[in-house]
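[1] just need the structure, nothing else, for what follows:
(2 chains)
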Protein chains: 2
Amino acid sequence: MATTTMSSNITAPTQFLEVGGSTYAYRRFGRGPGLPLLCLQHFTGTLDNWDPAVTDALAGGREVILFDNAGVGRSSGKVPGTVAAMTTHALAFLDGLGLARCDVLGFSLGGMVALQMAQDRPSILRRMILVGTAPRGGEDIMHLEKPSLARHFADPKLQGYAILTKIFFAPTESSQAAGEAFVGRLMQRTEDRDPPSGPEVAAAQVAAFRDWERFTGERFRELRNIRHPTLVVNGVHDEMIPVSNSVWLAENLPNAVLLVFPDSGHGSLFQWHDSFTRQAAAFLASDAPSAPF
Amino acid sequence: MATTTMSSNITAPTQFLEVGGSTYAYRRFGRGPGLPLLCLQHFTGTLDNWDPAVTDALAGGREVILFDNAGVGRSSGKVPGTVAAMTTHALAFLDGLGLARCDVLGFSLGGMVALQMAQDRPSILRRMILVGTAPRGGEDIMHLEKPSLARHFADPKLQGYAILTKIFFAPTESSQAAGEAFVGRLMQRTEDRDPPSGPEVAAAQVAAFRDWERFTGERFRELRNIRHPTLVVNGVHDEMIPVSNSVWLAENLPNAVLLVFPDSGHGSLFQWHDSFTRQAAAFLASDAPSAPF
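    A predicted model of the protein is given here:
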């Protein structure tokens, strides 16, 4: 199994994989007894939006694979307008790497892709961690136009990563301080960075969210066929994808533990990185058929 | 600190404490570096309803104190019809033991008493574990008359502990098997047992539930003043006190982690005793000001 000695998202080199006419940018680092952990990223997020406090801690026990889906960062092509098409790219990427089985950490949009992977090719996943995400047919998924979010996008003082402290963290002193620390960690990587996502990326991903909110037939029915041990995680005051969506995941996935963090928003895994990575590592270390760990 | 060598609820002797004209039955066992853990019991539950798989695992790191509130088991007096009055007894018991500070595990009705203790005398508690319980103003709290529960109470085949497999566990093969194992563990204690609770105990405790559902002023407002690090736990398919109540606790307690177990009902802590006690012990081992662990 290929590993790199640079086991940090601050320093790991970006690699490129060509599969079926597409080029995918990724980083792969860490080592240990665990299966490789595929990390699927949030709305407009690139490889550089993965908090090293999260990736590096998890890389202590397994390879971590960060992945730019099509049209994001330095991956080729256009961002598709559906989660299903993003999932096809993620599976093609794993096939190109020759990985027949892995664990997955899907954050926000990435959690939707993980859920779709579990339906489209269940055998490729062992355990899933779904953070700040929603099932198909969920509610209030990334409505950036609602006042509680739109006011931050309209604020000219919030350039670059600064907006993340507002939209990923709760409006308390403690959560905002955690947000500033998070942004500081994202800026530790100084070379070989992805370009930030532009408006075309955002528009296509928002189209995918609107599609994901629609459902036909019995709501959440497809979740009951996903048997993978799953850890669902959310910040209790998530304005981007409310915690009710995580409760629905826990109620309808037959084998999911739900963990909700206090005083936090969409970026709960970054705010509570010590606890999150400890819990995630314990969950991934288990090979039991049941999710509780 | 007094400890006993019999660190199991299967064998620990029942003790009696007289305070202010009341006699309280209790058991106290275990040892370790942790603060004593006061365990507050569910509807009609006595000292013998504590699963040794839970109490004994926790007793490996601290003293565990099981307590019959007034009028329950071999404690004197009548069961009060309010959580507030039960709380007065619990505090009198701790005062009688000379315990100025402890941790608390409150299950169902016991969780309501724990919440009231945190309001009435915050200094006596360090960390709280609240399982299968509800805030004041919660919904659908122990409505034994609803068809999904009443059919079990009306079933003549469900004598003694057998009914617990139905009302504490989910209607799946796996959860029912866990329920039977739980009942088997409860029957391991053969001597020095409490008498089962009669209809007067049940009636007074149901009155306390009806009172607890009522609220005045802003719903859940009082929770925001409870700063104790708290671990809220629930089975996702709890028919006795639905998981929505635990979500409200997590949303309104400022310092609470929520942990929800799959494929389980009211007795999630007994079904998933390995995971529950591992998580509870990790939570109790932390002395951080924040709940995440």
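[2] any idea how far the nearest residue to A:Q15 once chain neighbours are set aside is from A:Q205?
    Leaving aside its sequence neighbours, A:Q15 sits nearest to A:Y26 (Cβ to Cβ, 6 or more residues apart in numbering or on different chains; 5.6 Å). In this view, the C-beta of every residue, glycine as well, is placed from N, C-alpha and C. A:Y26 sits at a distance of 19 Å from A:Q205 (criterion: Cβ to Cβ, to the nearest Å).
[3] more neighbours: which of those two?
    More crowded of A:Y26 and A:Q205, by other Cβ atoms under 10 Å in any protein chain shown: A:Q205, with 25 against 22.
[4] who are the contact partners of the residue nearest to the spatial centre of chain A?
    Nearest to the mean C-alpha position of chain A, by Cα atoms, centre = their mean, lies A:F107 at 2.2 Å. Shown in contact with A:F107 (Cβ atoms under 8 Å, 6 or more residues apart in numbering or on different chains): A:39-42, A:45, A:131-133, A:269.
[5] return the subset of these lying in strands.
    A:39-40, A:131 (DSSP state E).
[6] pretty sure A:I65 is in a strand, no?
    Yes. Applying DSSP: H, G, I helix; E, B strand; the rest coil, one finds A:I65 inside a strand.
[7] surely it is in contact with A:Y24?
    No. Taking contacts as Cβ atoms under 8 Å, A:I65 lies outside contact range of A:Y24: 10.6 Å.
[8] low-confidence bits of the stretch 1-150 of chain A, can you list those?
    A:1-5 (pLDDT under 70).
[9] chain B contacts on that one?
    By Cβ under 8 Å from any Cβ of the partner chain, no part of the stretch 1-150 of chain A sits against chain B.
[10] strands of chain A, residue ranges please.
    Using DSSP E, strands in chain A cover A:15-19, A:22-29, A:37-40, A:64-67, A:102-107, A:125-131, A:230-235, A:256-261.
[11] the residue lying closest to A:C102 once chain neighbours are set aside: neighbouring residues, count only.
    Nearest non-adjacent residue to A:C102, counting by Cβ to Cβ, 6+ apart: A:P36, 4.7 Å away. A:P36 has 21 neighbours, counted by other Cβ under 10 Å.
[12] tell me who's in contact with A:P36.
    A:P36 touches A:1, A:28, A:62-65, A:99, A:102-103, counting by Cβ under 8 Å, 6+ apart.
[13] which ones are touching the residue lying closest to A:P289 once chain neighbours are set aside?
    The shortest distance from A:P289 to any non-neighbouring residue, by Cβ to Cβ, 6+ apart, is to A:P229 (7.1 Å). For A:P229, the contact set (Cβ under 8 Å, 6+ apart) comprises A:126-128, A:255-256, A:283, A:286, A:288-291.
[14] quickly list what the residue nearest to the centre of chain A is bridged to.
    Note on A:F107: beta-bridge partners by DSSP bridges are A:V131.
[15] tell me how far the residue of the stretch 51-200 of chain A found nearest chain B lies from B:L258.
    Closest contact between the stretch 51-200 of chain A and chain B, by Cβ to the nearest Cβ, is at A:S174 (8.2 Å). Look at A:S174 and B:L258: by Cβ to Cβ, they are 18 Å apart.
[16] ok, these two, which is more surrounded?
    Applying other Cβ under 10 Å to A:S174 and B:L258 shows that B:L258 carries more neighbours, namely 29 against 16.
[17] I'd guessed A:D140 sits against A:P242; true?
    Yes. Using Cβ under 8 Å, A:D140 is in contact with A:P242, at 5.3 Å.
[18] more crowded one of those two?
    Using other Cβ under 10 Å as the criterion, A:D140 and A:P242 rank with A:P242 on top: 21 against 15.
[19] tell me the pLDDT of the more buried one.
    Here the pLDDT value assigned to A:P242 is 98.
[20] residues in contact with it?
    Contacts for A:P242 (Cβ under 8 Å, 6+ apart) come out as A:139-140.
[21] again with A:T11
    By Cβ under 8 Å, 6+ apart, the contact set of A:T11 is A:R189.
[22] ramachandran angles for it?
    phi -130, psi -20 (degrees, to the nearest 10).
[23] ok, for A:H42, nearest residue in space, not its chain neighbours?
    Closest residue to A:H42 apart from its sequence neighbours, by Cβ to Cβ, 6+ apart: A:S108 at 3.7 Å.
[24] what sits against the one you found?
    A:41-43, A:45, A:131-133, A:142, A:240-241, A:266.
[25] as CSV, those residues with neighbour count would be great.
    Putting the contacts of A:S108 into CSV (neighbours: other Cβ atoms under 10 Å in any protein chain shown) gives the following:
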residue, neighbour count
A:Q41, 24
A:H42, 25
A:F43, 23
A:G45, 25
A:V131, 30
A:G132, 29
A:T133, 29
A:M142, 24
A:M240, 23
A:I241, 29
A:H266, 28
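[26] between those, which sits nearest B:E18?
    Closest approach to B:E18 among the contacts of A:S108 (Cβ to Cβ): A:V131, at 52.2 Å.
[27] ok, that closest one touching A:S268?
    Yes. Using Cβ under 8 Å, A:V131 is in contact with A:S268, at 7.1 Å.
[28] what is in contact with these two at once?
    Residues touching both A:V131 and A:S268 (Cβ under 8 Å, 6+ apart) are A:233-234, A:276.
[29] and those residues, which are buried?
    A:233-234, A:276 (16 or more other Cβ atoms under 10 Å in any protein chain shown).
[30] now, which of those sits nearest chain B?
    Of all those, chain B sits closest to A:F276, with 7.9 Å by Cβ to the nearest Cβ.
[31] show me what from the stretch 151-293 of chain A comes close to chain B.
    Along the stretch 151-293 of chain A, the residues adjacent to chain B under the rule Cβ under 8 Å from any Cβ are A:236-237, A:243, A:247, A:250-251, A:253-263, A:272, A:274-276, A:278, A:290-293.
[32] what about burial for these, which qualify?
    Using 16+ other Cβ under 10 Å as the burial test, those include A:236-237, A:243, A:247, A:250-251, A:253-263, A:272, A:275-276, A:290-293 as buried.
[33] residues near A:R31, how many?
    Neighbours of A:R31 (other Cβ under 10 Å): 17.
[34] was I right about it contacting A:L58?
    No. Look at A:R31 against A:L58 with Cβ under 8 Å: they stay out of range, at 11.5 Å.
[35] between these two, what contacts are shared?
    By Cβ under 8 Å, 6+ apart, no residue touches both A:R31 and A:L58.
[36] helices of the stretch 101-250 of chain A, start to end?
    In order along the chain, the stretch 101-250 of chain A carries the following helices (DSSP state H, counting those that start in this stretch): A:109-120, A:147-153, A:162-167, A:173-186, A:199-213, A:243-252.
[37] between those, which gets nearest to B:F182?
    In terms of Cβ to Cβ, the element of those nearest to B:F182 is helix A:243-252, at 22.1 Å.
[38] give me the distance from that closest one to the chain's centre.
    How far helix A:243-252 lies from its chain's middle: 17 Å, per Cα atoms, centre = their mean, to the nearest Å.
[39] now do stretch A:188-199
    17 Å.
[40] go ahead and name everything in contact with it.
    Applying Cβ under 8 Å, 6+ apart, the set of residues contacting stretch A:188-199 from outside is A:9-11, A:13-14, A:25, A:44-48, A:52, A:68, A:72-74, A:160.
[41] tell me the buried residues within these.
    For the contacts of stretch A:188-199, a burial check counting by 16+ other Cβ under 10 Å picks out A:9-11, A:14, A:25, A:44-48, A:52, A:68, A:72-74.
[42] helices - which of those land there?
    Among those, the members found in helices (DSSP state H) are A:P52.
[43] the residue nearest to A:W248 when sequence neighbours are not counted: what's it in contact with?
    In this structure, A:W248 finds its nearest non-sequential neighbour in A:P135, 5.6 Å apart by Cβ to Cβ, 6+ apart. A:P135 makes contacts with A:115, A:220, A:223, A:245, A:248-249, A:252, as judged by Cβ under 8 Å, 6+ apart.
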